[in-house]
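# task: produce atomic coordinates for the following.
(chains A and B)
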Amino acid sequence: MVLFTIAEPGQGRARQVIRRKRAAGIDLGTTNSLVAVAKEGKAEVIADVHGQRLLPSVVQYRADGSHMVGEAALSADANVSIISSSKRLLGRGLADIRYQLPYALQQDAKQGMVYIETVAGPVSPVQVAADILKSLVERAQAALGGELDGVVITVPAYFDEAQRQATRAAARVAGLNVLRLLNEPTAAAVAYGLDKQLQGTIVIYDLGGGTFDVSLMRLHNGVFEVLAIGGDSALGGDDIDRAIADWMLQQSGTNGISNELYRQLLQQARTAKHVLTAAQSTTVVVGNWQAEFTRDTLYQLMDAYIDTTLKACRRVLRDAALTVADVTDVVLVGGSTRSPRVQQKVQEFFGRLPLCSINPDEVVALGAALQADVLAGNKYGDAALLLDVMPLSLGVETMGGLMEKIIPRNSTIPLSRAQEFTTFRDGQSVMSFHVYQGERELVSDCRSLAQFELRGIPPMVAGAARIRVGFQVDADGLLEVRAEELSTGVKSSIVVKPSFGLEEHDIAGMIKASIDSAALDKARRSLREKQVEAQRHLESLKAALRQDGDTLLSPVERNTLEKLMQELAEAATGEDAARIERLTETLNSQSRDFAGRRMDAGIKAALAGQKLDSLGESL
Amino acid sequence: MAILLTENAAKHVASQMAARGKGVGIRVGVTTTGCSGMAYVLEFVDELKAEDKVFENHGINVIVDPKSLLYLDGTEMDFVKNGLNEGFEFHNPNVKGECGCGESFTV
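You can find the predicted model right below:
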């Protein structure tokens, strides 16, 4: 349903207008989370009552069943369980988790869901995320003065369907209306207003505390398409802190220190790193040992890590078959990109000044807030709705195993498309629909999504039935396929999630295969089409012969046609497209006389016994 | 032939016209655009054109050009709230198909 508002005279089309809604953007991070709201096209991060803008993504569960979120959850005492970095567990099974966590996990045998063991009993990662979301939403509601109408939550571009579903589930538990899940890199691009450009090729370089992600996106007419993603889920600012701490230990000749002391060293390393963002050198201390820690030393320690990130950037460009010269914008995200060294190396690599004027910790939340504002219906200026796209074409199988694409790849969603199909055989009462996803011309090279049947088609001659096949994709990418026979209204439909279980690299692979085999596919499609065309002619001629072959054809004529038909039927099973085409053409011209006679006979029959005046009416 | 306005819709049109401070009514029409053929026009009217038809509903003048009227005859315009959104909605008996978003239609 679409709602309209009254426009000023002469503006043409009716527009939608809506009162201001309370909407927020949420960056649900592995280490820290943030919430931001937008007003009149300007977004700002909402701080808590203490002025803290970052909320540590940490929840403390107590034996009495209560819980605390954020800074307060960090203070440990006996009988509490502190859960951090649980984003890594969202939508995952035990088998997916291949790294050490500071808490024990158990798996629900039935659904394969992971639970975290706490003193308050098992807690699901969805619950942890929901508790963090609730805490953030309280901030936003206090700032906006009321219940939120909707939120946009950002997720990493690499999040698969299960992880996205788990994020949605967390929002549901927190009582939130999710307007959209937005890819983190897209949100960062939106924060810089890159979505206002007509087109561009954008790299989002996101170096956080514990993770590195690089995304290569193409922007075309307001649609962001993720071309390639890469990164390292265990590389970030924390590694640099460790490198500094280890350097301090090595320089001071200290061995075998306690965990507690090492933690203090890490803290000192982090502080030194931050100080060197502005200063040239600072003093570090280990016990009685003391030394100058200079930028040069820091950069030596950092460079290996930065080079690893740049290698990932190179790989991502290669995956998308692009070069550095194709990149129009580079956006820096994540606290570690505050480092002048990171900025300098990224600039050298891409040969252009990266965008870093917005606080890199907040940029994702700010972009999400802008998008939430627009999605909730608060339009300002030329703000456009960001559109999601279908990564692969959707279609149905038609005769001959051909892929008939109904929704082309990169179509923006939500959308609905329909196409009419017809029956192949006389009296056909059932039609089977096989829904495929992919770019190739033959369904055998595409991915099967679903299959359903339309029954109860009234008996008609081949080609007379009109069956409308409608594809509808909602904003969440859920596909509904309906088939309806238009004369009787018999219907059948099915709902599928096209992206389920499809990894980003699968999509890229499927697209690449379609490009690589375009010429081959074209030839194969053309052959199949000729085969189907031949079959169709044979079917209809067979039916005609059954009906009028004895009365309208001489035995010689009939014999000639039947011979030709047999020859074509044989050819149609082969691979010689030219021969099939030629024989179809011959049969066509040879049977033209017969068709003419049938038409004359039909008209005679229709006119027989009619008076001239009633004929005039019907004509 | 007629275009109808629900009482609720008329009330909202009246308050919007009052806020605007001028105008003789609202124009309802169709234009050929959108992904499914035609889209609605809904705008304030300051001056009537010679060929315009005027229908009065609950004190509001609904103005339609004769060509659009062919596609809109019998249409009822309502004002509804739907979740996050609120606005005018068209119930057009002539519509045979709508595009996915409902913004355009075919007759």
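
# in the stretch 401-550 of chain A, which spans are strands?
A:402-407, A:412-413, A:415-421, A:431-437, A:447-454, A:467-473, A:479-485, A:491-496 (DSSP state E, counting those that start in this stretch).

# so which elements touch the biggest helix by length in chain A?
In chain A, with assignment by DSSP state H, the single longest helix is helix A:518-552. For helix A:518-552, the packing partners by 3 or more Cβ pairs under 8 Å, 6 or more residues apart in numbering or on different chains; DSSP states H and E come out as strand A:402-407, helix A:555-573, helix A:577-590, helix A:592-607. (C-beta placed from N, C-alpha, C; glycine too.)

# 7 Å instead, please
helix A:555-573, helix A:577-590, helix A:592-607 (3 or more Cβ pairs under 7 Å, 6 or more residues apart in numbering or on different chains; DSSP states H and E).

# would you indicate which residues of the last one are buried?
Spelled out, it's helix A:592-607. Burial within helix A:592-607, assessed by neighbour count using 16 or more other Cβ atoms under 10 Å in any protein chain shown, is assigned to A:Phe594, A:Arg598.

# centre of the chain to it, how far?
When distances are taken as Cα atoms, centre = their mean, to the nearest Å, helix A:592-607 is centred 56 Å away from the chain's centroid.

# could you report the neighbour count for the residue of the stretch 1-150 of chain A found nearest chain B?
Relative to chain B, the nearest point of the stretch 1-150 of chain A is A:Leu3 (2.9 Å; Cβ to the nearest Cβ). Applying other Cβ atoms under 10 Å in any protein chain shown, we find 22 residues neighbouring A:Leu3.

# what pLDDT does the nearest residue to it once chain neighbours are set aside get?
Distances taken as Cβ to Cβ, 6 or more residues apart in numbering or on different chains put B:Gly87 closest to A:Leu3, at 2.9 Å, once the chain neighbours are dropped. Among the per-residue scores, B:Gly87 shows a pLDDT of 82.

# swap in A:Tyr380?
54.

# please apply the same query to A:Leu545.
At A:Leu545, the model reports a pLDDT of 85.

# how near is it to A:Thr551?
Distance, A:Leu545 to A:Thr551, using Cβ to Cβ, to the nearest Å: 11 Å.

# which one of the two has more residues nearby?
The neighbour count for A:Leu545 versus A:Thr551, taken as other Cβ under 10 Å, is higher for A:Leu545 (18 against 9).

# for the longest helix anywhere in chain B, packing partners?
Counting residues, the longest helix in chain B under DSSP H turns out to be helix B:7-20. Using 3+ Cβ pairs under 7 Å, 6+ apart, the elements in contact with helix B:7-20 are strand B:60-64, strand B:76-82.

# buried ones in it?
For helix B:7-20, the neighbour count (16+ other Cβ under 10 Å) marks B:Ala9, B:Ala10, B:His12, B:Val13, B:Gln16, B:Met17 as buried.

# state the next helix or strand along the chain beyond that helix.
Counting by DSSP states H and E, the element after helix B:7-20 in chain order, helix or strand, is strand B:25-32.

# C-terminal to that following strand, what's the next element?
Next along from strand B:25-32, by DSSP H and E: strand B:38-45.

# now check that next one, is it near chain A?
Yes - part of strand B:38-45 sits near chain A under the criterion Cβ under 7 Å from any Cβ of the partner chain, namely B:Ala39, B:Tyr40, B:Val41, B:Leu42, B:Glu43, B:Phe44, B:Val45.

# list the contacts of the fourth one.
The one in question is B:Leu42. Going by Cβ atoms under 7 Å, 6 or more residues apart in numbering or on different chains, B:Leu42 touches A:Phe4, A:Ile6, A:Ala7, A:Ala14, B:Ile26, B:Val28, B:Phe88.

# the helix or strand containing the last one to helix B:7-20, inter-axis angle?
In this structure, B:Phe88 sits in strand B:85-91 according to DSSP H and E. Here strand B:85-91 runs at an angle of 120 degrees relative to helix B:7-20 (axes from the mean of the first three to the mean of the last three Cα atoms, to 10 degrees).

# residue in the stretch 301-450 of chain A nearest to chain B?
For the stretch 301-450 of chain A, Cβ to the nearest Cβ, closest residue to chain B: A:Ser416, 3.0 Å.

# my guess is that residue contacts A:Gln472. True?
Yes - using Cβ atoms under 7 Å, A:Ser416 is in contact with A:Gln472, at 4.2 Å.

# if I look at the residue nearest the centre of chain B, how far off is chain A?
Of all residues in chain B, the one closest to the mean position by Cα atoms, centre = their mean is B:Val28, 3.6 Å from it. Distance, B:Val28 to chain A, by Cβ to the nearest Cβ, to the nearest Å: 9 Å.

# skipping its backbone neighbours, what lies nearest B:Phe44 in space?
B:Gly23 (4.4 Å).

# low-confidence ranges in the stretch 401-550 of chain A?
Low-confidence segments of the stretch 401-550 of chain A (pLDDT under 70): A:410, A:412-414, A:475-477, A:497-516.

# show me which helix or strand of chain A is least confident by mean pLDDT.
Here the helix or strand of chain A ranked lowest by mean pLDDT, DSSP states H and E is helix A:612-618, holding a mean of 46.

# and what of chain B?
In chain B, no helix or strand scores lower on mean pLDDT, DSSP H and E than strand B:104-106, which sits at a mean of 62.

# returning to what we had before: now the residues of strand B:38-45 next to chain A in JSON lines, with distance to A:Val285?
Below are these laid out as JSON lines (distance: Cβ to Cβ, whole Å):
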{"residue": "B:Ala39", "distance to A:Val285": "71"}
{"residue": "B:Tyr40", "distance to A:Val285": "73"}
{"residue": "B:Val41", "distance to A:Val285": "74"}
{"residue": "B:Leu42", "distance to A:Val285": "72"}
{"residue": "B:Glu43", "distance to A:Val285": "73"}
{"residue": "B:Phe44", "distance to A:Val285": "73"}
{"residue": "B:Val45", "distance to A:Val285": "79"}
